[in-house]
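Chemist: A structural model of the following input is requested.
(chains A and B)
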2 protein chains.
Amino acid sequence: MSLLTVGSVAFDALETPFGKTDKIIGGAATYITLSASYFTKANNLVAVVGDDFPQSMIDIFKDHGINTEGLEIRQGEKTFFWSGKYHNDMNSRDTVEVQLNVMGDFNPVIPDAYQNCEYLMLGNTAPAVQRMVIERLTTRPKLIVLDTMNLWIDIANDDLKSLLPLVDVLVLNDEEARMLTGDYALVRAAATIRAMGPKTVIIKKGEHGALLFQDEHIFYAPALPLAEVFDPTGAGDTFAGGFIGYLAKTGDLSFDNMKRAVIYGSAMASFCVEKFGAERMLNLSQDEIYDRVKQFVRLSAFSVEL
Amino acid sequence: MSLLTVGSVAFDALETPFGKTDKIIGGAATYITLSASYFTKANNLVAVVGDDFPQSMIDIFKDHGINTEGLEIRQGEKTFFWSGKYHNDMNSRDTVEVQLNVMGDFNPVIPDAYQNCEYLMLGNTAPAVQRMVIERLTTRPKLIVLDTMNLWIDIANDDLKSLLPLVDVLVLNDEEARMLTGDYALVRAAATIRAMGPKTVIIKKGEHGALLFQDEHIFYAPALPLAEVFDPTGAGDTFAGGFIGYLAKTGDLSFDNMKRAVIYGSAMASFCVEKFGAERMLNLSQDEIYDRVKQFVRLSAFSVEL
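Modeler: Reported below is the predicted structural model:
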């Protein structure tokens, strides 16, 4: 079933304890759509870049079956740029520089061919932009998943909260869940967020896995313990792309299938961190994904006599 | 099968965001042995207290089927005392005061009736004391589990490292694993620790669950997401008590059964944090434990078509 992803396509410059990069391709929508491409070929992208964005990357998107009709290229303008530096523990980072460039007035245009998409992934952008996307779709998708970040909880809190009733699944990290609700206990924070609108809440905890909340159900997906985390950039977006990609592939929105989708998302994220930027996401095989999901099964399976 | 637990029996004074206590009963061996008492009635305690320790608590131990013949009561001396204050996130704490008292020269005497115990749980004490216990047993137990803490890694590093080849399972938290090995990645830290001696390593991550490492196997047990964590004191010891108690009950040291033991330990720890000190551990029913383990199954079970 068809997926629409809206979000940033960007240049990133990264520094981790393992090295640093010049400008490489990044952005939430890049990670989401590449990750989802391993699950669905009805994979539509809406984003904006400047004329400095390389055609070679657009070709890579196309090679992955990603529809780039909605990728606006603004002549005479520059692509969104973010640079960040990770601390030694890899769990926290500082933003070194942000150049909004074309993202400063991102006005997402939905091509006609994208209308009637059944799955909508709103990657992390300003809540006002995310709202525009929902309002510009002629048919409400079967599932709307929204990602956000601490910045919007801070500077666009009302916009974000007014958007939440329109959303089916909110994906955010533990720190953001605590910030949005003022509650340290994640089980209470999730209940508070669900009362704000989204029926389903996913709280990402980085190396500690992810929690999926829906009704009275809780599912705890582990993260794969990795010997080397090379670069965590994009792991959360890659998770979201695997999650919604798997749902779009299977078309099943039961809680049991959402659990599987969280596992597939976690598996995709575990690849992402193995190399700088999105590099590892460019050439995955279905066998590698299959083997990685099997590792998650072995990691968390146990039986008790009840 | 018979279990021997050696460690501290103490007074604690605790302060958490939810309130504070005067002196209440604490100590690693208290939590371990109470937790294990729900799994085995061949439950032998070696510890030392002063003459200020209440007979009523010794009676409670006995009511739980705990053999207190090895609980030395030193006349004219005082029981070990620790006071601590938790930060708002409950994941970190400051030690406010320590009075070693009788623990300053703890000389663990093993009653004859305790010899030939098959399971030995060395609760957190000085490595030199833990070594004395091993040396004073006439027969090597079937399984030796050792817990330690950052203090000993810091001030008794050589003692600890020379002890590790004698041990089957090392239980420690994530911060301690990193401190002992100098490696941030837990999967590498566990491999390093296993090269130091223990065939099996359990790394506790508090609210993020626990990792069990053995040979090429890794198991990730979740922690139950709780709305209220009232007091984390003793949760790690309660985990260890449930772990070794379950193994002593079942007598099965396979990796599959160790996974179950980690789940039972996690379930016991999830009770411990619900009330101050060891209060919640005094009156658990087998039905409550059964229901809690079922919650762990629901929390982490998923199926994928592989």
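
Chemist: was I right about residue A:123 contacting residue A:7?
Modeler: Yes: if you go by C-beta atoms under 8 Å, residue A:123 and residue A:7 touch, sitting 2.3 Å apart. Using the backbone N, CA and C atoms, a C-beta is placed for each residue, glycine as well.

Chemist: what do those two both touch?
Modeler: Taking C-beta atoms under 8 Å, 6 or more residues apart in numbering or on different chains as the criterion, residue A:123 and residue A:7 both touch A:28-29, A:32, A:147, A:237.

Chemist: just among these, which is most surrounded?
Modeler: Counting neighbours by other C-beta atoms under 10 Å in any protein chain shown, residue A:32 leads the shared contacts of residue A:123 and residue A:7 with 34 neighbours.

Chemist: wait, doesn't that residue sit right on residue A:239?
Modeler: No: using C-beta under 8 Å, residue A:32 is not in contact with residue A:239; the gap is 9.2 Å.

Chemist: which residues touch residue A:131?
Modeler: Residue A:131 touches A:159, A:162-163, A:166, counting by C-beta under 8 Å, 6+ apart.

Chemist: let me fix that, I meant to ask about residue A:99.
Modeler: Per C-beta under 8 Å, 6+ apart, neighbours of residue A:99: A:78, A:80-82.

Chemist: quick check, nearest of those to chain B?
Modeler: Checking those against chain B with C-beta to the nearest C-beta, the nearest one is residue A:82 at 24.7 Å.

Chemist: leaving out sequence neighbours, find the closest residue to whichever residue of the stretch 1-150 of chain A sits closest to chain B.
Modeler: Closest contact between the stretch 1-150 of chain A and chain B, by C-beta to the nearest C-beta, is at residue A:89 (6.3 Å). Excluding its sequence neighbours, the residue lying closest to residue A:89 (C-beta to C-beta, 6 or more residues apart in numbering or on different chains) is residue B:184, at 6.3 Å.

Chemist: in a strand, that neighbour, correct?
Modeler: No: going by DSSP: H, G, I helix; E, B strand; the rest coil, the assignment for residue B:184 is coil, not a strand.

Chemist: that one and residue A:256, how far apart?
Modeler: 35 Å (C-beta to C-beta, to the nearest Å).

Chemist: which of the two has more residues huddled nearby?
Modeler: Remark: of residue B:184 and residue A:256, residue B:184 carries more neighbours, 16 against 13, as counted by other C-beta under 10 Å.

Chemist: show the pLDDT at that one.
Modeler: pLDDT recorded at residue B:184 is 90.

Chemist: which ones are touching it?
Modeler: If you count contacts by C-beta under 8 Å, 6+ apart, then residue B:184 has A:88-90, B:178 around it.

Chemist: go again with 10 Å.
Modeler: A:17, A:88-91, A:229, B:174, B:177-178 (C-beta atoms under 10 Å, 6 or more residues apart in numbering or on different chains).

Chemist: cool, and residue A:262?
Modeler: Here residue A:262 is in contact with A:202, A:204, A:209-212, A:219-221, A:239, A:242-243, A:246, A:296, B:302 (criterion: C-beta under 10 Å, 6+ apart).

Chemist: please apply the same query to residue A:125.
Modeler: Per C-beta under 10 Å, 6+ apart, neighbours of residue A:125: A:6-8, A:27-29, A:47, A:80, A:103, A:106, A:108, A:132-133, A:146-149, A:152.

Chemist: same question, residue A:56
Modeler: Residue A:56 touches residue A:25, counting by C-beta under 10 Å, 6+ apart.

Chemist: re earlier: find the residues that touch each one of residue A:32 and residue A:239.
Modeler: residue A:147.

Chemist: re earlier: let's see which of the contacts of residue A:131 end up in helices.
Modeler: A:159, A:162-163 (DSSP state H).

Chemist: which among those end up buried?
Modeler: residue A:163 (16 or more other C-beta atoms under 10 Å in any protein chain shown).

Chemist: got TSV for the ones in helices among the contacts of residue A:131, with pLDDT and distance to residue A:195 too?
Modeler: TSV is the format used below for the ones in helices among the contacts of residue A:131 (pLDDT from 0 to 100; distance: C-beta to C-beta, whole Å):
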residue	pLDDT	distance to residue A:195
A:159	98	18
A:162	98	14
A:163	98	15
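
Chemist: looking at the ones in helices among the contacts of residue A:131, spot the one nearest chain B.
Modeler: residue A:163 (25.5 Å).

Chemist: once you drop chain neighbours, what's closest to residue A:67?
Modeler: Nearest residue to residue A:67, sequence neighbours excluded (C-beta to C-beta, 6+ apart): residue A:44, at 4.5 Å.

Chemist: pretty sure that neighbour sits in a helix.
Modeler: No: judged by three-state DSSP, residue A:44 forms no part of a helix; its state is strand.

Chemist: contacts only, for it.
Modeler: Applying C-beta under 10 Å, 6+ apart, the residues near residue A:44 are A:2-6, A:33, A:66-71, A:110-111, A:113-114, A:117, A:119-120.

Chemist: cool, and residue A:198?
Modeler: Shown in contact with residue A:198 (C-beta under 10 Å, 6+ apart): A:144-146, A:163-171, A:190, A:213-214.

Chemist: of the residues you listed, keep whichever come out buried.
Modeler: Looks like those have A:144-146, A:163-164, A:166-171, A:190, A:213-214 buried, using 16+ other C-beta under 10 Å.

Chemist: near chain B too, which of the residues you listed?
Modeler: Restricting the buried ones among the contacts of residue A:198 to those near chain B by C-beta under 10 Å from any C-beta of the partner chain leaves A:190, A:213.

Chemist: which of the buried ones among the contacts of residue A:198 fall within helices?
Modeler: Using DSSP H, these in helices are A:163, A:190.

Chemist: how about the buried ones among the contacts of residue A:198 in JSON lines, adding distance to residue A:40?
Modeler: Output for the buried ones among the contacts of residue A:198, formatted as JSON lines (distance: C-beta to C-beta, whole Å):
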{"residue": "A:144", "distance to residue A:40": "16"}
{"residue": "A:145", "distance to residue A:40": "14"}
{"residue": "A:146", "distance to residue A:40": "19"}
{"residue": "A:163", "distance to residue A:40": "25"}
{"residue": "A:164", "distance to residue A:40": "26"}
{"residue": "A:166", "distance to residue A:40": "23"}
{"residue": "A:167", "distance to residue A:40": "20"}
{"residue": "A:168", "distance to residue A:40": "18"}
{"residue": "A:169", "distance to residue A:40": "17"}
{"residue": "A:170", "distance to residue A:40": "22"}
{"residue": "A:171", "distance to residue A:40": "18"}
{"residue": "A:190", "distance to residue A:40": "28"}
{"residue": "A:213", "distance to residue A:40": "25"}
{"residue": "A:214", "distance to residue A:40": "22"}
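
Chemist: which of the buried ones among the contacts of residue A:198 sits closest to residue A:273?
Modeler: Residue A:273 has its nearest neighbour among these in residue A:171, at 17.3 Å by C-beta to C-beta.

Chemist: beta partners for the closest one?
Modeler: residue A:147, residue A:202 (DSSP bridges).

Chemist: ok now do it, which residues does it touch?
Modeler: If you count contacts by C-beta under 10 Å, 6+ apart, then residue A:171 has A:121-124, A:145-148, A:198, A:200-204, A:210, A:212, A:236-237, A:239-240, A:243-244, A:265 around it.

Chemist: and for residue A:43?
Modeler: A:2-5, A:32-34, A:36-37, A:61, A:64-68, A:117, A:119, A:241, A:245, A:248.

Chemist: of these, which belong to strands?
Modeler: Counting by DSSP state E, those place A:3-5, A:66-68, A:119 in strands.

Chemist: can you lay out these as JSON lines showing pLDDT and neighbour count?
Modeler: Shown next, in JSON lines, are these (pLDDT from 0 to 100; neighbours: other C-beta atoms under 10 Å in any protein chain shown):
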{"residue": "A:3", "pLDDT": "98", "neighbour count": "32"}
{"residue": "A:4", "pLDDT": "98", "neighbour count": "29"}
{"residue": "A:5", "pLDDT": "98", "neighbour count": "32"}
{"residue": "A:66", "pLDDT": "98", "neighbour count": "22"}
{"residue": "A:67", "pLDDT": "98", "neighbour count": "21"}
{"residue": "A:68", "pLDDT": "98", "neighbour count": "19"}
{"residue": "A:119", "pLDDT": "98", "neighbour count": "27"}
